[in-house]
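Chemist: give me a 3D structure for the following:
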Amino acid sequence: MEIQAPTGNAFGFIEQEWTLWVPKFRIMNANRETVLRVEGPCCTVACCGEVEFSIVTPTDGVEIGKLSKKWSGFVQEAFTDADNFAIYFPVDLDVHTKATLLGLTFLIDYMYFEKKASGGDLALNVLI
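Modeler: As a prediction, the model looks like this:
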C-alpha cells in the first residue's frame, strides 16, 4: 500500500509479509527501506478485550509501540460497524512514519474488522 501526500508524492509504503499464523507488516519510507515492523496476534477476534498489534524495530524486534483495536462495548460491537483504534508510538518518530502507521490502521480495520456489505465489495480509499 502506498501512502501519499495530497500532492501525490509517496512518502511511505506498507507491505504485508506472508506468514502462516500471525499478520505481519513492514512500514517503509519513501526509499522503500524498512523502518518498522508491525506484528499482530494469531487471532484478531477478541470478545470483551482489545486486539493489539505490536510496533517493533526491524532489526532486533524491540517493541516501541502498539496499535490496538479498543473494545467498544457489546451493543456497539454487535449492532454497528464502528470501531475505535489507538496508536502508541515514540514522540520523536518521523512524521511520515507516523502518517504511514495511521494508514496501516485503516488497512488493518479494512482487512480484519470490516464486514462485507451484501451485494458489493468494500473499497479502501484513504488520503492522508
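
Chemist: so which elements touch the lengthiest helix in the chain?
Modeler: Using DSSP state H, we find that the single longest helix of the chain is helix 95-108. With contacts taken as 3 or more Cβ pairs under 8 Å, 6 or more residues apart in numbering; DSSP states H and E, helix 95-108 sits against strand 2-4, strand 10-17, strand 24-29, strand 34-39, strand 63-70, strand 84-88. Placement of C-beta: from N, CA and C, glycine included.

Chemist: how much distance is there from it to the middle of the chain?
Modeler: 6 Å (Cα atoms, centre = their mean, to the nearest Å).

Chemist: re the thing from before, which of the helices and strands packed on helix 95-108 sits closest to residue 51?
Modeler: strand 63-70 (4.4 Å; Cβ to Cβ).

Chemist: counting contacts, what elements does the closest one pack onto?
Modeler: Counting by 3+ Cβ pairs under 8 Å, 6+ apart, strand 63-70 packs on strand 51-56, strand 84-88, helix 95-108.
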